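>>> coords please:
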Amino acid sequence: MNAPRHDYASLRPHLRTMFRLQWEDVQDAYVLLYPEGMVKLNPSAGEILARCDGTRELDDIIDELEDLFNASDLAADVYRFIDHARQRGWLD
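Prediction:
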């Protein structure tokens with residue numbers, strides 16, 4: 001199932017100011033911290049959000065992830081996660 005490709009290629013996603021992403025050794029995972037709590041992220045979600053710093057275009061993030069995971073055709077999954085993160089209010 002392919003996620004619809006939005007005009008994300010030229011976007012530079014970034015976390016909203018109320019969120020902070022950090023690696024937690026105790027959790028052995030990236031966590032997304034916000035005033036009301038914390039979200040423990042799975043490895044791929046953590047790697048995606050770690051790159052959403054406003055300096056990289058989404059296609060560049062996808063290229064980095066494909067290199068990192070030695071995979072191809074990750075675009076649909078990344079677009080789907082970006083949609084999810086935006087719906088949750090994590091990304092601008």
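
>>> show me the residues around residue 18 that make contact.
Listed by Cβ atoms under 8 Å, 6 or more residues apart in numbering, the contact set of residue 18 reads 34, 35. Glycine gets a C-beta too; all of them are placed from N, C-alpha and C.

>>> does it count as helix, strand or coil?
Secondary structure, DSSP: H, G, I helix; E, B strand; the rest coil: residue 18 is coil.

>>> From residue 87, how far off is it?
Separation of residue 18 from residue 87 (Cβ to Cβ, to the nearest Å) stands at 16 Å.

>>> Would you map the strands across this structure?
Applying DSSP state E to the chain gives strands spanning 20-24, 29-34, 37-40.

>>> Return the most buried member of the ones you listed.
Of all those, strand 29-34 carries the top mean neighbour count, a mean of 17, counting by mean count of other Cβ atoms under 10 Å.

>>> follow-up on the earlier one: please convert the strands of the chain to CSV, extending it with mean pLDDT.
Converted to CSV, those look like this (pLDDT from 0 to 100):
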stretch, mean pLDDT
strand 20-24, 97
strand 29-34, 97
strand 37-40, 96
